[in-house]
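**Student:** Got a predicted model here, sequence first, then my questions.
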Amino acid sequence: MILRHIYSHMRYLKRTFFIFILCISLSAHTQAQKTIAVKTNIPYWATASPNLGVEVAFRHKMTFELSGGYNPFEFGNDKQWKHWIIWPEARYWLNETFNGHSIGLHGVFAGFDVGGLELPFNLVPELKNRRVEGNINGIGLSYGYAWIIGNSLLLEVSAGAGYGRLKYDVFTNGDNGYKTDYGQKHYIGPTKGAISLVYLF
């Protein structure tokens, strides 16, 4: 069922990838530092969620990042944390790109099919004894800091907060459960957080 939500959000994905390609194109016509970073969010792996990000410097002290993660797994006892999420982000570095402080504007586009668990911040209280399928789209501001820890290797910490709109359907537990309710929420709070290992090219 999560595939249906991925399909319904293709217009957001296409827009995000268009912006990403545009930023790469701009980077080829500017005198700014032409650096590409590949990163992964270390704590995110603790949720059994493979994730990867790419960040491109395209103007003086400016970068564009596109990162995301995906979890297709079930854990038994009607517990599952299936989801996908994409964060596009434009960042301004106060010192130089990929070093020190940065501030950013990011988007959040995600879909989920989760059951038998409790979401952070009590986003969907029905989830504990039900399966909930839905999506969230939002926008936020972020702050980050990057340390050089080796040759072409960085450690980066970032966090963000903002607004999201959450829509979901509620089902009885299990893949073959039947729909019992639906809902939508306006959310204000954390929208991004990462401790990332970064490699520069």
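**Tutor:** Received, thanks. Numbers count the residues shown, from 1 in each chain.
**Student:** check contacts around His101.
**Tutor:** 93-95, 143-145 (CB atoms under 8 Å, 6 or more residues apart in numbering). Glycine gets a C-beta too; all of them are placed from N, C-alpha and C.
**Student:** Quick check: what element follows the helix or strand encompassing Leu105 along the chain?
**Tutor:** Using DSSP states H and E, Leu105 sits in strand 100-115. Counting by DSSP H and E, the next helix or strand C-terminal to strand 100-115 is strand 131-150.
**Student:** That following strand pairs with which strands, parallel or anti?
**Tutor:** Applying DSSP bridges, strand 131-150 is found paired with strand 100-115 (antiparallel), strand 153-171 (antiparallel).
**Student:** Just the mean pLDDT for the longest one, thanks.
**Tutor:** For strand 153-171, mean pLDDT rounds to 96.
**Student:** Tell me if I'm right that Gly144 and Leu155 touch.
**Tutor:** No - the criterion here is CB atoms under 8 Å, and Gly144 misses it with Leu155 at 11.0 Å.
**Student:** pull the CA atoms of stretch 185-199 into CSV?
**Tutor:** Output of stretch 185-199 as CSV, limited to C-alpha atoms (Å, rounded to 0.1, in the frame of the first residue of the first chain):
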residue,chain,number,x,y,z
LYS,A,185,-3.2,17.1,11.5
HIS,A,186,-1.3,20.3,11.4
TYR,A,187,2.1,19.7,13.0
ILE,A,188,4.6,22.2,14.4
GLY,A,189,7.9,20.8,15.8
PRO,A,190,11.1,19.0,14.8
THR,A,191,11.3,18.2,11.1
LYS,A,192,14.9,17.1,10.7
GLY,A,193,17.7,15.7,12.7
ALA,A,194,21.0,14.1,11.8
ILE,A,195,24.5,13.1,12.9
SER,A,196,26.1,12.5,9.5
LEU,A,197,29.3,11.0,8.2
VAL,A,198,30.3,13.0,5.1
TYR,A,199,32.8,12.4,2.4
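**Student:** average pLDDT across that stretch?
**Tutor:** Stretch 185-199 comes out at a mean pLDDT of 95.
**Student:** follow-up on the earlier one: the more surrounded of Gly144 and Leu155?
**Tutor:** Per other CB atoms under 10 Å, whichever of Gly144 and Leu155 has more neighbours is Gly144, with 21 against 16.
**Student:** now Asp78, nearest residue through space, not along the chain?
**Tutor:** Closest residue in space to Asp78, ignoring its immediate chain neighbours: Asn173 at 4.1 Å, by CB to CB, 6 or more residues apart in numbering.
**Student:** give me the number of residues near the residue nearest to Asn135 when sequence neighbours are not counted?
**Tutor:** Computed as CB to CB, 6+ apart, the closest residue to Asn135 that is not its neighbour in sequence is Gly111, at 4.5 Å. Neighbourhood size, Gly111 [other CB under 10 Å]: 23.
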